[in-house]
Each structure stands twice: as structure tokens, then as C-alpha cells.
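J.: have a look at this prediction, sequence included:
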Amino acid sequence: MADPIDQPVLGSRRLSNLLMAVLVSIGGLGFLLASASSYFGKDLLPLGHPAALLWVPQGLIMGAYGIAALLLASYLWVVIGIDVGAGSNHFDKETDAITIRRRGFRQLINFTIPCSEVLSVKVEVRDGLNPRRRLALKLRGRRDLPLTQVGEPVALAELERSGAELARYLGVPLEGV
């Protein structure tokens with residue numbers, strides 16, 4: 001028999017999420033410092049002259065924006081720290097089992113389905129404003145089970161190669177190519 005296939009799945013620890021968390025953190029801190037500068041009448045930022053702002057309403061509103069941005073940034077840092085969505089797909093024909101593992105917010109998601117439930121391997125490609133490139137298993141009597149990570153689209157050649165390899169291993173047709 002063929003060796004089992006183990007596919008790692010990338011979670012939220014990717015460069016785009018890290019950059020977004022850094023930018024939101026810096027922006028939130030900047031808004032809070034501008035608000036504090038307005039309140040104390042001293043420039044706490046090297047750029048501009050935020051001490052000249054009136055505390056009500058400009059400084060107050062900038063403080064609210066700063067707090068909101070830092071709350072959003074803390075959420076982003078927690079999601080990155082936990083690495084939500086990371087996991088693996090394990091396919092083993094010898095034991096007739098497909099095991100899907102993902103890291104959630106508060107718990108690990110882990111479930112197993114029999115290989116015999118798979119009708120086909122489905123490749124979905126949708127371009128445009130909201131592009132989608134994903135690999136999914138079409139299951140008997142259930143919804144499609146997505147296998148690829150959410151977020152940055154996978155290269156088309158890699159998606160097709162991975163889908164064809166998986167379909168060949170499971171002995172089912174490949175759809176959508």
C-alpha cells in the first residue's frame with residue numbers, strides 16, 4: 001500500500017497578519033499619544049504639533065480611536081499567538097481514515113472520517129474582487145470539507161498538483177480542473 005499523506009495547513013501566523021498587527025498597534029499608540037498630548041499640552045509625538053489640538057472634541061475622539069485600535073491590535077496578536085487555523089490533514093488508506101486537525105480559539109478541532117465517504121476531490125478557483133482557490137473533499141451526504149488554508153490564495157499549479165496527488169491516492173475523481 002501507499003504511504004499516508006500528511007499535509008500541513010498554515011494558520012494565522014503569516015507575514016500579512018503580522019504586518020497588519022504591527023501597523024494597527026503603531027497607529028493606535030499614535031492616536032493615544034496625540035490624545036495625551038492634547039490633554040497635557042505637551043508634544044509627546046515627534047511629528048506634527050498635537051499639543052495644539054483642543055482636548056474636547058479632537059483629543060477625546062483621538063483617544064477613543066487609539067483605544068479601539070489597541071483593542072483590535074490585541075485581538076490580532078492573540079490570534080497570531082494562538083495560530084488559529086493551523087493544523088494538518090492526514091490521509092491513510094491502510095486504516096481507511098482521514099484525520100483533520102485544526103487549532104481553534106479555545107480548543108483543538110480534531111475529527112476523523114472514513115476514506116470511503118469521499119466521492120471526489122474538488123478544486124475551486126474563483127478570480128475577481130474576492131478570489132478563492134481551495135481544495136475540498138466532496139463527501140457522501142455531507143457538505144464539502146475544505147482542506148486548504150483561508151487567506152492568501154495558493155498558486156494554481158500547486159493547487160492542481162496537490163489535488164491530483166490526493167485524488168490519485170484516494171482513488172477518486174478530480175473535479176473542477
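T.: The structure has been received and is ready for your questions.
J.: OK, contacts around the residue located most distally from the centre of the chain?
T.: Distance to the chain centre peaks in the chain at G41, reaching 41.7 Å (criterion: Cα atoms, centre = their mean). Taking Cβ atoms under 8 Å, 6 or more residues apart in numbering, we find G41 in contact with A51. Placement of C-beta: from N, CA and C, glycine included.
J.: confidence score at it?
T.: For G41, the model assigns a pLDDT of 94.
J.: list the buried residues of the helix or strand harbouring I61.
T.: Under the criterion of DSSP states H and E, I61 resides in helix 60-82. Neighbour counts over helix 60-82 (16 or more other Cβ atoms under 10 Å) mark 62-63, 65-66, 69-70, 72-73, 76-77, 79-80, 82 as buried.
J.: wait, is R102 part of a helix?
T.: No. Secondary structure of R102 (DSSP: H, G, I helix; E, B strand; the rest coil): strand, not part of a helix.
J.: what about the residue nearest to it when sequence neighbours are not counted, neighbour count?
T.: Nearest non-adjacent residue to R102, counting by Cβ to Cβ, 6 or more residues apart in numbering: G87, 3.9 Å away. Neighbourhood size, G87 [other Cβ atoms under 10 Å]: 22.
J.: chain center to stretch 89-109: distance?
T.: Its chain's C-alpha centre and that of stretch 89-109 lie 18 Å apart, by Cα atoms, centre = their mean, to the nearest Å.
J.: many thanks, I have nothing further to ask.
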